[in-house]
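1. got a predicted structure plus its sequence, pasted below:
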Amino acid sequence: MRVLRALTVAAAAVVAVGLSTPFAAANPSDPLGGAPLGGSPSGQGGNGGNGGNNGNGPSNVTVNPYSVHQGSTMQVSAAGCRHGGTVWSAGNFPQTNLSAGSIGFATVRIFNHASPGNHTLSVKCHDNSLVATHRFTILRGNGAQGGIGGSFGPSTAETAIGSSLVGAAALGAGVHVMRRRRPLRGRA
C-alpha cells in the first residue's frame, strides 16, 4: 500500500513539473516570446525602424524563435500595421502576409536550401511606405521531428516484433494460470 501511495505522489510531481516547464521557460520581459533587436522597453529607438512610432508604420518587430533550422517555421510579429502588411527576406522565405490589428502576426517557413547564418527580414505595412527590419539566424540542417506522434508509423519489423511479444506474454500468462489452478474436489 505504501508503494502505491509513493508511486502516485511521484507521478503527480512529474506531471506538475512537466506541465509547468513551458511557463517557466517563457521570457516575462517579452510577452510575444521573440527576441527584439535594440530599442528600449518603451519602444523608442531600435535598429532599422524598430522603435515605437505611434502606429505610423511597422515597429517592435520580433521573431520567435530567433534561431531557426532550414525548413522550419518562424513566427514574426510587428506593431503598427493596423491594416496588415507583408514580411519578406530574399532567398530565405517567400513574401508572407502580416495579419491586421494592433499587433500583426505572420508564420513563415524557411526554405530548405536557405543559407545558414545571420539574415535580415523586412516588414512593410499595407498603408505605409516605411519598412522595419529585424535580424534572425538560420541554422544548418533540419530540426528535430517533434510532436505528439502520428508523424512516423511503426515499420513492418517493429509491428512483427511487438505482436510476437504480446503473443508470448499471453501464452506465458495462460501457462501460469493453468499450472496454478487448484485441483477439483475428489481428485488428488
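-> Sure thing, it's come through. Computed from a predicted model, the values in this text were never measured in an experiment.
2. check which helix or strand covers Glu158.
-> helix 156-180 (DSSP states H and E).
3. what about that helix, average pLDDT?
-> Mean per-residue pLDDT for helix 156-180: 87.
4. got it, and stretch 122-129?
-> Taken as a whole, stretch 122-129 has an average pLDDT of 88.
5. quick one: residues in contact with it.
-> 56-58, 61, 76, 78, 80-89, 98, 130-134 (Cβ atoms under 8 Å, 6 or more residues apart in numbering). Any C-beta I mention is one placed from the backbone N, CA and C, and that applies to glycine too.
6. let's see 7 Å
-> The set of residues external to stretch 122-129 that reach it, using Cβ atoms under 7 Å, 6 or more residues apart in numbering, is 56-58, 61, 78, 80-81, 83-89, 98, 131-133.
7. try stretch 99-119
-> By Cβ under 7 Å, 6+ apart, stretch 99-119 touches 68, 70-79, 81-85, 87, 89, 91-93, 96-98, 135-140.
8. could you identify the buried members of the residues you listed?
-> The neighbour-count test (16 or more other Cβ atoms under 10 Å) applied to the contacts of stretch 99-119 identifies 68, 70, 72, 74-79, 81-82, 85, 87, 89, 92-93, 96, 98, 135-136, 138 as buried.
9. element containing Ala106?
-> strand 103-109.
10. what comes up buried for that strand?
-> Of all the residues in strand 103-109, those buried under the rule 16+ other Cβ under 10 Å are 103-104, 106, 108.
11. right, and the helix or strand after that strand?
-> Where DSSP H and E defines the elements, the next helix or strand beyond strand 103-109 is strand 117-125.
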